[in-house]
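> here are the coordinates; sequence isn't available:
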């Protein structure tokens, strides 16, 4: 019953945020910078506001960790909710039709205490959802790709050269790209990482510490549930959901494939 209750709250919040973004994107304006120094737009703020409204309606106490405003106590605070109100804001501002909203709910700040998670594609309305038993795409149970051999057929590989000081980074990136037939980079990590658990992508690879907890907490829980492989490259201990640093990671359809990717960059 607890899972069902939180599932309804999370999905309702995702849908409400999506609707608010669609209404707000007709006139996009900059509101300054968020806590990470990125530009915040009215669509980011409106999406966050919509999620807070849905949490308030539930009557349950939430401590929301959001990309935009940081920590927000709803109904006095309580359960942890990690929220990216709009992942892919630059796409939205430039009218590139690929951006998403991500939410996960946890009993504590421990990654292992996540209860449910979900990501919604703002453009299509598709919802990828995880209840700790299965990963669903629009209500249908999905599984990761069965691929265990290189090359990867379809994978997100995020290239970055600007500002990178690691002398081996370019070498590692080239090794990875040589083993991907059709590389992709959508500009919204929340949904790209989730696609590994649904079988849409064989892998997601970010070698440079660029991602934030709010980007990937939901999809890491999906990977854990679906049996997909995931590894944080620059964090050894269990992920703390309040972690403010940047993250590099690999997600793959299964352990066999994940370890072969790791071998490429070792």
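Cool, got the structure. Every value quoted in this text rests on a predicted model; they were computed, and no experiment measured them.

> Domain ranges for the chain, per the record?
With domains defined by automatic domain parsing, the chain comprises 2-139, 152-265.

> can you give me the end-to-end distance of the shortest one?
Same thing as domain 152-265. Using Cα to Cα, to the nearest Å, the span of domain 152-265 from its first residue to its last is 15 Å.

> what is the rounded mean pLDDT of it?
This predicted structure assigns domain 152-265 an average pLDDT of 95.

> all helices of the stretch 51-200 of the chain, in order?
Using DSSP state H, counting those that start in this stretch, the helices found in the stretch 51-200 of the chain span residues 89-93, 169-177, 189-198.

> in the longest one, what's buried?
Neighbour-count burial for helix 189-198 flags 189-198 (criterion: 16 or more other Cβ atoms under 10 Å). All C-beta spots, glycine's among them, are computed from the backbone N, C-alpha and C.

> one step back: right, so of the helices of the stretch 51-200 of the chain, which gets closest to residue 234?
The closest of those to residue 234 is helix 169-177. By Cβ to Cβ, the value is 12.6 Å.

> Determine how far the closest one lies from the middle of the whole chain.
A distance of 23 Å separates the C-alpha centroid of helix 169-177 from that of its chain, computed with Cα atoms, centre = their mean, to the nearest Å.

> That one packs against which elements?
For helix 169-177, the contact count by 3 or more Cβ pairs under 8 Å, 6 or more residues apart in numbering; DSSP states H and E identifies strand 152-157, strand 203-211, helix 255-265 as packing neighbours.

> most neighbours per residue, which of those?
The densest packing among those, expressed as mean neighbour count by mean count of other Cβ atoms under 10 Å, is seen in strand 203-211 with a mean of 23.
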